[in-house]
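Peer 1: below are the sequence and a predicted model; questions follow.
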Amino acid sequence: MKTHCQRLALICTIYKVRDTKEYLQESSAPVIILTMLDYKFIKENLEAVKQNIAERYMQADADRVVSLYDERNTLLRELEEQRKNRNENALSMKGKLDPETRAAKIEEGKQLKEKIAALEARLAEVEAQLHAEGMRIPNMAHPDAPRGKEDKDNLEIKRVGAPTVFSFEPKDHVQLGQELDLIDFDTATRVSGTKFYYLKNEAVLLEMALVRFALEKLRSKGFTLFETPDIARTEILEGIGFNPRGAESNVYTIEGEDTCLIGTAEITLGGYHSGSILEKSTLPLKLAGVSHCFRREAGAAGQFSKGLYRVHQFTKVEMFVYTLPEDSDAMHEQLRLIEEEIFSDMGIPFRVVDTCTGDLGAPAYRKWDLEAWMPGRNNGEWGEVTSTSNCTDFQARRLNVKFKDDDGKNKYVHMLNGTAIACSRAIIAIMENFQQADGSIRIPDVLVPFCGFSEIRRKG
RNA sequence: GGAGAGAUGACCGAGCGGCCGAAGGUGCGCGAUUGGAAGUCGCGUGUACUCCUAAAGGGUACCGAGGGUUCAAAUCCCUCUCUCUCCGCCA
């Protein structure tokens, strides 16, 4: 395993940044929307940015961003010059003047006013285009992240436990849920629509137990616990990197409100410190939040949509961390290790996957997924249960979250997120891996104290 | 949902259309005084972008947001948002 410094040096080489210090201070991640620094990074590292876009199979025009950026700067300089003239002119007539001089100055002021208005209009146009193009540029990817297009190219880096072996024909969680009266999809479809579900009986307590187990674990590791709102403002969604609008958006928007149902507590936890300057000594800030998650999953029909795997609403315990830039790689590993610990503790077999560049979301610099063994999924398959991303300063720039460094300058923090427990998927893994020959389900030992029972059997 | 009040720097709080990036106070930092502390006194203390090789020093913008009036707006006008108080409703 490379040390952080070695990695940084490598990054700096790749991106042709002059030295590690500058990389850390100015632009450990590339894209911003509202401040010039990002554009500056894109301009100064154009080739690397373009290569990154290509490796992520995304549509973005870095060349156009640079030319718009240059145009914007030229206009801005001209505008500032004219404003300076205006201010000087106005200042020069605050005292007594003879009428003719005053009239002349007022005339000059009127002309300046028109010039400025014209420049402002052009600048606004260029900035709007720049913003629109800049928005499309994704975060840089970690040098070690596997290059590839789709999930097939993800790299398995670890396996814990082996796929469960049964002495009988295992059922899937849909069948188990029906036979044991734990999950009701049919009624939910009638009442709420497809991809909704009722949890019933022990499943309700199992979900609560999963939440309690995760919260207890995170509290012991220094996380501050939250139960967050399930709704957030659009601007926060966008800051985190979600696109609330558009046909392929996965987000439910609230009519007439400029707010959305959250798809993850990453949004509300990341928004928690938006617009603030954090005390350096308080970093890293580790938050854990329980929330409901709402996802439209439009167009995700088909055989994989059956059951709890892909649903419109579920409960999740999420980890979110604000760190110093130089600590984010190490923190990312810590988050992954916590996820591994949670699933190891429960005794669920899983593997860890290093997500390839083409499969990373735009904000992510690197992402690891935990995939649990799901015996009922296509006769046994790995299914994603958690995910942890290091988004470096991509989100921090958009949400304007900084810390005051020792040199007195305010710098962007790095933000990371990770799933502790996504209840619906954890329940699949438990039901399917812990089913027994007689059709009952054993509860993982670590959950028994939170559940209050150790087995789920057929009723009556 | 009804009625009223308000939004200024880390915080409190002034502010006449030009001398306001913004008085005063608190807090914070540095220094002096003290055996030490309190107290007192002095100095300093926003953000972003930009010019300059760098430093020093300039410039532009920001007084909830957006628009308007004006040669000139924290200050005048309009719209919106948010906050607070009271009433109603309510898990």
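Peer 2: Alright, I've got the coordinates. What you see is a predicted model, and the numbers here were worked out from it, not measured in a lab.

Peer 1: would you map the strands across the stretch 301-450 of chain A?
Peer 2: Taking DSSP state E, counting those that start in this stretch as the test, the strands found in the stretch 301-450 of chain A are A:313-323, A:350-354, A:366-374, A:381-390, A:402-404, A:410-412, A:414-422, A:441-442.

Peer 1: would you list the strands that the second one pairs with, along with their directions?
Peer 2: Paired strands of strand A:350-354, with direction, are strand A:155-160 (antiparallel), strand A:366-374 (antiparallel) (DSSP bridges).

Peer 1: quick one: which of these is nearest RNA strand B?
Peer 2: The minimum distance between RNA strand B and these falls on strand A:366-374, with 25.3 Å, by C-beta to the nearest atom of the strand. C-betas here are computed from N, CA, C, even on glycine.

Peer 1: indicate the residue of chain A located nearest to RNA strand B.
Peer 2: Proximity to RNA strand B, evaluated over chain A using C-beta to the nearest atom of the strand, is greatest for residue A:109 at 2.2 Å.

Peer 1: ok, the residue positioned nearest the centre of chain A to residue A:393 distance?
Peer 2: Centroid check for chain A by C-alpha atoms, centre = their mean gives residue A:240 as the closest residue, at 5.6 Å. The span separating residue A:240 from residue A:393 equals 13 Å under the rule C-beta to C-beta, to the nearest Å.

Peer 1: need the strands paired with strand A:350-354 in a markdown table with mean pLDDT, distance to residue A:236 and mean neighbour count, can you?
Peer 2: As requested, the strands paired with strand A:350-354 are exported to a markdown table (pLDDT from 0 to 100; distance: least, C-beta to C-beta, whole Å; neighbours: other C-beta atoms under 10 Å):
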| stretch | mean pLDDT | distance to residue A:236 | mean neighbour count |
| --- | --- | --- | --- |
| strand A:155-160 | 91 | 32 | 14 |
| strand A:366-374 | 94 | 21 | 25 |
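
Peer 1: quick one: those strands as JSON lines, columns for distance to RNA strand B too.
Peer 2: Formatted as JSON lines, those follow (distance: least, C-beta to the nearest atom of the strand, whole Å):
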{"stretch": "strand A:155-160", "distance to RNA strand B": "36"}
{"stretch": "strand A:366-374", "distance to RNA strand B": "25"}
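
Peer 1: which non-adjacent residue is nearest residue A:161?
Peer 2: Closest residue to residue A:161 apart from its sequence neighbours, by C-beta to C-beta, 6 or more residues apart in numbering: residue A:349 at 3.3 Å.

Peer 1: so what's that neighbour up against?
Peer 2: A:159, A:160, A:161, A:162, A:163, A:164, A:372, A:373, A:433 (C-beta atoms under 8 Å, 6 or more residues apart in numbering).

Peer 1: counting neighbours, what do you get for residue A:80?
Peer 2: Using other C-beta atoms under 10 Å, the number of residues around residue A:80 comes to 11.

Peer 1: and for the one 4 residues further on?
Peer 2: Using other C-beta under 10 Å, residue A:84 is surrounded by 11 other residues.

Peer 1: surely it is in a strand?
Peer 2: No. Looking at residue A:84 with DSSP: H, G, I helix; E, B strand; the rest coil, it is helix, so not inside a strand.

Peer 1: tell me the phi and psi of residue A:284?
Peer 2: Per-residue torsions, residue A:284: phi -80, psi 150 (degrees, to the nearest 10).

Peer 1: dump the residue contacts of it.
Peer 2: A:321, A:322, A:323, A:324, A:327, A:331.

Peer 1: include distance to residue A:341 when you put those into CSV, please.
Peer 2: Below are these laid out as CSV (distance: C-beta to C-beta, whole Å):
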residue, distance to residue A:341
A:321, 16
A:322, 22
A:323, 20
A:324, 24
A:327, 20
A:331, 15
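
Peer 1: out of those residues, which are buried?
Peer 2: Among those, those buried by neighbour count (16 or more other C-beta atoms under 10 Å) are A:321, A:322, A:323, A:324, A:327, A:331.
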